[in-house]
Structure formats: C-alpha cells, structure tokens
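1. Here is my input, please return the structure:
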Amino acid sequence: MSTKNLFTILLAGLMLVVSACSTAEAPTEPVETDSLVIYSGRKESLVGPLIEQFEAETGINVEVRWGSTGEIAALLMEEGANSPADVFFAQDPGGLGAVANAGLLRELPAEVLNQVPENFRSNDNQWIGISGRARVIAYNTDAISDPATELPQDIWDFTNPEWKGRIGWPPTNGSFQAMVTAMRAEWGDEKTQEWLLGIQANEPVVYEKNTPTVAGVGAGEVEVGFVNHYYLYRFLAEEGETFAARNHFLTGGGPGSLLMVAGAGIMDSSVNSINAEKFINYMLSADGQQYFTDATYEYPVIDGIATVDGLPPLADLSGNALDIDVSEYSDLAGTVEMLSELGILP
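-> Predicted coordinates:
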C-alpha cells in the first residue's frame, strides 16, 4: 500500500473515530491485569529486545503489532475506540499528533510527564518523548573534505544548482515527512513547496528509507543525504571508521536543524492503562534510556545517561535547533498530500 493511500485511510478514519467514540465507552476505572497490547511504529529490530526486557522484568505479557508509524496511526484511527491497543509507540511526533487530535489518546499523569523536559512532550499532555534524534546531513568523506566550509549551514541552500545530482533523500520516510511538516509550520506551504521543487530540480537520488540513504552516501552514490543522526553510528559500529560517511549538523536554525523525538501515548480506550504507564515509565528509566543510547544510538530524554562516543551533546545542538512546538508535527496528512501533488510521492 502506498504512503498516499495510507494517509487517505488516516483521514477517512477521522470520521470513523467520531462515530465510534459516540457509541463506545472507555473503561471508567483502571484494572490490574497481566497483559499489554502495543501498536509500534518503531521497528522490531530496534526496540523488540527492550520490549522483551520489559516483559521479562515485569511479568507482563506483551503483544506487539508492528508497522510503520503512518500505517499504525491509520489503523488506530480506523479502529477508533474499539482498538485493542493500549499503547501507541511511534517513531515521530506526526503520527502521535494525528492520533491525539482524533481524540484517541488519554492525558498522561503528571508523574509520568514530569520525567522529561516540556519540549519533549505534547502541549496537551497526551504523549511523551521516549528518545531523541537530530536531523543531519550525512556526507561522503571522499567528496567533502571540510564540511564546515563545503556544506551549507541551512537546508534551504541545497536548492542551489551546484547540488544537482549530488543529493539523496527518502521522501516516503516518516522522519523526512516530519521535517517537511515542520517546514510547513515554520516557512508556510508556499516556501516549503519552493524548497521541495528546488531539490527536485537538482535531481536527487530517491531512496526508500534512511538506512539505504546513508549506505548510498558511504558508497559514493551521492555526496549528501537528508537523514536522522543515528543511522551513521550503526554503519560505523558494523563497518568501522573506514566507512566513508559522517554527519553534518546544520547550525542555521531552520527545519534542517530539527530535534525530534520518538514517543508514546496511552489509548483512551485502553483496558490495561496501569501496565501502559508501567511500560512508559520503564522506557524512561535509566535502563531503558541507556538501551536507546547503546543499542539505537539515539539521545536520552532524561539527564545522567551516557551517549555514544562522538555524538555531540544534546545541549550543544539545542542552541541551533529549530524552536518549534512538537504539536506542530501533527499535520502529516497535509504533508503527504503536498508531496503527492508535487509528484515526489507515487
């Protein structure tokens, strides 16, 4: 199923949600159970071991439905209040915001929310960041010897004709679409379309996901790629320091300097809300946060957790990051529509 069709379902799901919510009642009192159902937009290969660790330590039987964040968001909106899901674990804020805007998430308690800074949770308190990621420019070290002088500091400048044939991007990737959604919030639709068309004019190589984009950069298929920071560290761990790609963190403060979060929310219809809170608290525990830094090379969202060697401290990036409320990422459907109308998505 194409990304466009997925979000057509998502939009249609809004009407289904209204109908379902009017006839179904959420449980009035939380009950203690031994079960938990997670709908995960995060890959099993990345977070599966941590979920198994949670299951082993708590004795809670966890059932996980896997898919992309867009697919899972669309499914939740189609199922509405009848969904068996207790937790929506998403790769990016866009899917969480869409599900929250449909009235399907419940407000999280203060003791959960207060574990992370305000900029890593939704302003309506319905979902919370679990791990952080930065948008970067992955560059080929054979083609770019001095990124400080040879690479732009603002993502807008990659529309310059000098970058024709040198760029790789993954338009179907959720984090890329979240970045474009942030562009729309910061720049407006007209300027965002201008940027997209400018990149298109430079004939970018299209990749399916972030991983092949970084692989393409390392192999010299392209000189730069628009990705999240942590993919590089996976390649370095597997291939060593000879892997011919590195990250360039933009300092221009625009949408290319985004700090995003993967996050989670509890479904308003959850029958296992006590266990859902336990799950989120475990993700935010020292063990959970250390897992994200060690296994997925992401940023922790709580203090006191060591990060991978060579990763710039989050505090160092914050001064250059785009100052945007995480709730601004919710209009993914509008972004997908824009990308489709411009011929960037199939």
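2. Run through this structure and note the low-pLDDT ranges.
-> Low-confidence segments of the chain (pLDDT under 70): 1-32, 318-328.
3. any idea which residue sits dead centre in it?
-> Nearest to the mean C-alpha position of the chain, by Cα atoms, centre = their mean, lies residue 92 at 2.4 Å.
4. Skipping adjacent residues, who's closest to that one in space?
-> residue 178 (4.4 Å; Cβ to Cβ, 6 or more residues apart in numbering). C-betas here are computed from N, CA, C, even on glycine.
5. Run a quick neighbour tally on residue 187.
-> 16 (other Cβ atoms under 10 Å).
6. contacting residues around residue 334?
-> By Cβ atoms under 8 Å, 6 or more residues apart in numbering, residue 334 lies in contact with 181, 184.
7. that older thread, could you verify my assumption that the residue nearest to the centre of the chain touches residue 330?
-> No. With contact defined as Cβ atoms under 8 Å, residue 92 does not count as touching residue 330 (10.6 Å).
8. quick revisit: what sits against the residue nearest to the centre of the chain?
-> Residue 92 neighbours (Cβ under 8 Å, 6+ apart): 41, 69, 174, 175, 178, 260, 261, 262, 329.
9. hmm, who's touching the strand or helix carrying residue 88?
-> For residue 88, the element it lies in under DSSP states H and E is strand 87-90. The contact list for strand 87-90, computed with Cβ under 8 Å, 6+ apart, reads 36-42, 47, 69, 72-73, 76, 95-96, 99, 105, 127, 130, 262-267, 270, 276, 279-280.
10. Which members of those are positioned in strands?
-> 36, 37, 38, 39, 40, 130, 262, 263, 264, 265, 266 (DSSP state E).
11. I'd like to check which residues are in contact with the second one.
-> If you count contacts by Cβ under 8 Å, 6+ apart, residue 37 has them with 62, 63, 64, 65, 84, 85, 86, 87, 272.
12. does it have beta-bridge partners, and which?
-> residue 63 (DSSP bridges).
13. now the strands: where do they sit in this structure?
-> 35-40, 61-66, 87-90, 128-140, 167-169, 205-206, 224-228, 245-248, 259-266.
14. Let me know which of those is the nearest to residue 316.
-> strand 128-140 (10.4 Å; Cβ to Cβ).
15. Run a quick neighbour tally on the residue nearest to residue 304 when sequence neighbours are not counted.
-> What sits nearest to residue 304 in space, not counting adjacent residues and going by Cβ to Cβ, 6+ apart, is residue 286, at 7.2 Å. Close neighbours of residue 286, defined as other Cβ under 10 Å, add up to 11.
16. Can you tell me how far residue 140 is from residue 313?
-> 25 Å (Cβ to Cβ, to the nearest Å).
17. The two: who's more crowded?
-> residue 140 (21 against 9).
18. before we move on, the earlier item: in contact with the residue nearest to residue 304, which residues?
-> 302, 304, 305.
19. can you tell me which of these lies nearest to residue 53?
-> For those, the nearest to residue 53 is residue 305 (16.1 Å; Cβ to Cβ).
20. circling back: which PyMOL command selects the buried ones in the contacts of residue 286?
-> The following PyMOL line selects those of the contacts of residue 286 that are buried, judged by 16 or more other Cβ atoms under 10 Å:
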select buried, resi 305
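21. Between the contacts of residue 286, which sits nearest residue 152?
-> residue 305 (31.6 Å).
22. can you pull the contacts of the nearest residue to that closest one once chain neighbours are set aside?
-> Nearest residue to residue 305, sequence neighbours excluded (Cβ to Cβ, 6+ apart): residue 289, at 4.6 Å. By Cβ under 8 Å, 6+ apart, residue 289 lies in contact with 131, 283, 300, 301, 302, 305.
23. change it to 7 Å
-> 300, 302, 305 (Cβ atoms under 7 Å, 6 or more residues apart in numbering).
24. Those into a markdown table, with extra columns for distance to residue 245?
-> Shown next, in a markdown table, are those (distance: Cβ to Cβ, whole Å):
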| residue | distance to residue 245 |
| --- | --- |
| 300 | 24 |
| 302 | 30 |
| 305 | 26 |
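25. so which of the residues you listed comes closest to residue 186?
-> Nearest to residue 186 among these, with distances taken as Cβ to Cβ, is residue 300, at 26.0 Å.
26. is it true that that closest one touches residue 294?
-> No. Between residue 300 and residue 294 there is no contact, the gap being 10.3 Å when judged by Cβ atoms under 7 Å.
27. These two - which one has more neighbours?
-> Set side by side, residue 300 and residue 294 show more neighbours around residue 300, with 22 against 13, by other Cβ under 10 Å.
28. Distance to residue 197 for the contacts of residue 286 - can I get that in TSV?
-> TSV is the format used below for the contacts of residue 286 (distance: Cβ to Cβ, whole Å):
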residue	distance to residue 197
302	41
304	45
305	41
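29. Looking at the contacts of residue 286, which is nearest residue 340?
-> Using Cβ to Cβ, these come closest to residue 340 at residue 302, 38.2 Å.
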